[in-house]
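In: turn this into a structure:
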Amino acid sequence: MNDAPAVEHPFTPEEDARISAHVRARGLTFEVFLPEGLADWLWQKLEAGVYKDPKEAAFIAFQDLMELDRHPAVRAQLFKAMVNAAADDPRPGITIEEWREARRHTPRVRQHRTAGATNLVANQSFQNPLNLSGLSSV
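Out: Presented below is the predicted three-dimensional model:
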């Protein structure tokens, strides 16, 4: 039994069926904001020729996530390895105060609803240095 609280769905059943049919027929296009570390990592992979473009990287990433969903034991092993790697990191940790100060001037993202859909909107100071807005379904 699932004890998770019910999530209010922003669409009527008819709207949901129409949207689902559209996605099945045409795929899904989206835009994503990558924080600095992920953006740098992706840029390095693109420059090295690992991926031909951000679309291919996103497509492969979602395929990997689907496979992790199908293999929860593998996901658990990956999580354990990530925790162990973080615990074994020889770099000194930082205090919460240092973390807050370092992020004090970063753009804040706020969530709001429009026309029954949830959107993420960055404040005016956000600029996308890699211009990765071309992500779409393949």
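
In: which stretches in the protein count as strands?
Out: Using DSSP state E, the strands of the chain run over residues 109-114, 117-122.

In: could you check how far the residue most central in space within the chain is from His22?
Out: Residue closest to the average C-alpha location in the chain (Cα atoms, centre = their mean): Val32, at 6.9 Å. Relative to His22, Val32 is positioned 20 Å away (Cβ to Cβ, to the nearest Å). (Glycine included, C-beta is placed from N, CA and C.)

In: still on that earlier bit, least reliable of the strands of the chain going by mean pLDDT?
Out: Among these, strand 117-122 carries the lowest mean pLDDT, at a mean of 42.

In: show me where pLDDT drops low in this structure?
Out: The chain contains residues with pLDDT under 70 at 1-7, 107-138.

In: repeat that for 50
Out: 1, 112-138 (pLDDT under 50).

In: burial measure for Gly54, as a count.
Out: Let me fix one detail, which is that residue 54 is Pro and not Gly. Using other Cβ atoms under 10 Å, the number of residues around Pro54 comes to 22.

In: and for Met82?
Out: The burial count for Met82: 10, using other Cβ under 10 Å.

In: and Asp89, by the same measure?
Out: 9.

In: list phi and psi for it.
Out: phi -60, psi 120 (degrees, to the nearest 10).

In: I'd like the distance between it and Thr95.
Out: Distance from Asp89 to Thr95, counting by Cβ to Cβ: 16 Å.

In: can you show me the helices along this structure?
Out: For the chain, helices defined by DSSP state H occupy the ranges 13-26, 36-47, 54-70, 72-87, 96-102.

In: name the helices or strands packed onto the third one?
Out: To tie it back to what came earlier, the one meant is helix 54-70. helix 36-47, helix 72-87 (3 or more Cβ pairs under 8 Å, 6 or more residues apart in numbering; DSSP states H and E).
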